[in-house]
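**Student:** Sequence plus predicted model, see below.
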Amino acid sequence: MYPKTKKMIQQLIEDEVIPGASFGFITTNERLEYHAGSATILPKREAIKENQVYDIASLTKVILTTTIFLQLWQEEKIDPDDKVSRYLTDFTDQKVTLRHLLTHTSGIEGYISNRNTLSASELREAILHLPVGKLFEKEVRYTDIGFILLGFIIEAIEKDSLDNVFTGRISGPLNLTDSSYHPRDKQACAPTEMDPKRGMIRGDVHDPKAYILGNHCGSAGLFATLTDCLTFSQMMLNRGELNRKRILNEKTVLSLLKDWTPNGKLNRSLGWDIKTKGSKNYLFHTGFTGTFIILDILQKTAFVFLSNRVHPTNDNKSDYLNQRDRLVDCYLAEKETMKNQIDFRRSKSDE
């Protein structure tokens, strides 16, 4: 299945764009997992294991933060058009709503001087007082700040840490046994970057703000396996339910296929990016460490890709981003070809 897509991933490994990858596909009647290449290059080369754990970076935004927000919205505890200041009284701007945070249209300017030297409480205070710039509502400017604020809001409503909320609402019901902020075995994790101060990062989060905020960060911080990410994706393809556990309402999942930006023209949903091909909308999200998920909710297909492309350095960023976009396009084209072939065979059998 998807031979061109698999061949392209193998080429990325051979060209040393990524050390290796765990990736999988879901179709209407199959769920397939693949592992190729190396988990580590330095200090020594290690092959990828079947249960390889990855720092999934910004996939945290959709697997954890967005999904919990949607649950709270269903429970009428929260609304996309609520002001951020309603839940975070120290937040200085009175215009910004949760919709702005979820669609990256808040215009919040994210620069924080001496960020990496701050404590968790100091960083939180700095984030709450960031200014809103001229791009408010006008453009999508992808940042981590909005989802860090959403994490703070979830904790304020639930009166618990994000990791505990995630366990109770998502990972527990879905049996995502290897998804957490704190991996049980750091050596089971694919390492990320060789940092001048932290050394080779392995089993600790790569993202600087998430490293400081720990399990209170809604933008990054989760570690997970391919199996767990595919299970989450299957729940989404089933329109919110898996193994008789209802995580989201069907209406909620389907609502994600529309543009939720303030003017309805900027191609972002609640939490998810909307990738449009022809007349079709796909839910899409990426992670800085070399991860992505793409979901076709209506046709019930998915492609999950996990890598540690920042290992041992982040020097390949521009090359990786170009190749990643080509990989996604290759998959979508191959998927459409397969669908057309199936439809043709069905039409012939009906004659």
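**Tutor:** That came through fine.
**Student:** hey, which strand is longest across this structure?
**Tutor:** Selection of the longest strand in the chain by residue count, based on DSSP state E, yields strand 31-40.
**Student:** Which strands or helices does the next helix-or-strand element following it pack on?
**Tutor:** Once the chain leaves strand 31-40, the next helix or strand it forms, by DSSP states H and E, is strand 46-47. Helices and strands in packing contact with strand 46-47 are listed as strand 31-40; criterion 3 or more C-beta pairs under 8 Å, 6 or more residues apart in numbering; DSSP states H and E. Every C-beta, even on glycine, is put in place using the N, C-alpha and C of the backbone.
**Student:** Just the buried positions in the strand it packs on, please.
**Tutor:** The neighbour-count check on strand 31-40 (16 or more other C-beta atoms under 10 Å) flags 34-40 as buried.
**Student:** all strands of this protein, in order?
**Tutor:** Applying DSSP E to the chain gives strands spanning 20-26, 31-40, 46-47, 53-55, 194-195, 199-200, 223-225, 241-242, 245-246, 273-277, 280-287, 291-296, 301-307.
**Student:** Turn those into TSV, columns for distance to R86 and mean pLDDT.
**Tutor:** As requested, the strands of the chain are arranged in TSV below (distance: least, C-beta to C-beta, whole Å; pLDDT from 0 to 100):
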stretch	distance to R86	mean pLDDT
strand 20-26	38	98
strand 31-40	41	98
strand 46-47	48	97
strand 53-55	33	98
strand 194-195	38	96
strand 199-200	42	96
strand 223-225	32	98
strand 241-242	31	98
strand 245-246	28	98
strand 273-277	26	95
strand 280-287	27	97
strand 291-296	31	98
strand 301-307	35	98
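**Student:** winner for burial among those strands?
**Tutor:** Of all the strands of the chain, strand 53-55 has the most neighbours on average by mean count of other C-beta atoms under 10 Å, namely a mean of 30.
**Student:** My guess is D259 contacts T276. True?
**Tutor:** No: contact criterion C-beta atoms under 8 Å: D259 and T276 do not qualify, at 9.7 Å.
**Student:** Now list whatever residues contact both of these two.
**Tutor:** When C-beta atoms under 8 Å, 6 or more residues apart in numbering defines a contact, the residues bordering D259 and T276 alike are N267.
**Student:** circling back: distance to V328 added to the strands of the chain, as TSV?
**Tutor:** Conversion of the strands of the chain to TSV gives the following (distance: least, C-beta to C-beta, whole Å):
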stretch	distance to V328
strand 20-26	12
strand 31-40	16
strand 46-47	26
strand 53-55	18
strand 194-195	28
strand 199-200	29
strand 223-225	20
strand 241-242	25
strand 245-246	29
strand 273-277	7
strand 280-287	8
strand 291-296	6
strand 301-307	8
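**Student:** nearest to R141, of those strands?
**Tutor:** Of all the strands of the chain, it is strand 273-277 that lies closest to R141, at 13.1 Å by C-beta to C-beta.
**Student:** Next, the angle strand 280-287 makes with that closest one.
**Tutor:** Angle of strand 273-277 versus strand 280-287, following axes from the mean of the first three to the mean of the last three C-alpha atoms, to 10 degrees, is 140 degrees.
**Student:** helices or strands up against strand 273-277?
**Tutor:** Where contact means 3+ C-beta pairs under 8 Å, 6+ apart, strand 273-277 is packed against strand 280-287, helix 317-349.
**Student:** closest one to N114 among the strands of the chain?
**Tutor:** Distances from N114 to each of the strands of the chain were compared using C-beta to C-beta; the shortest belongs to strand 194-195, at 17.2 Å.
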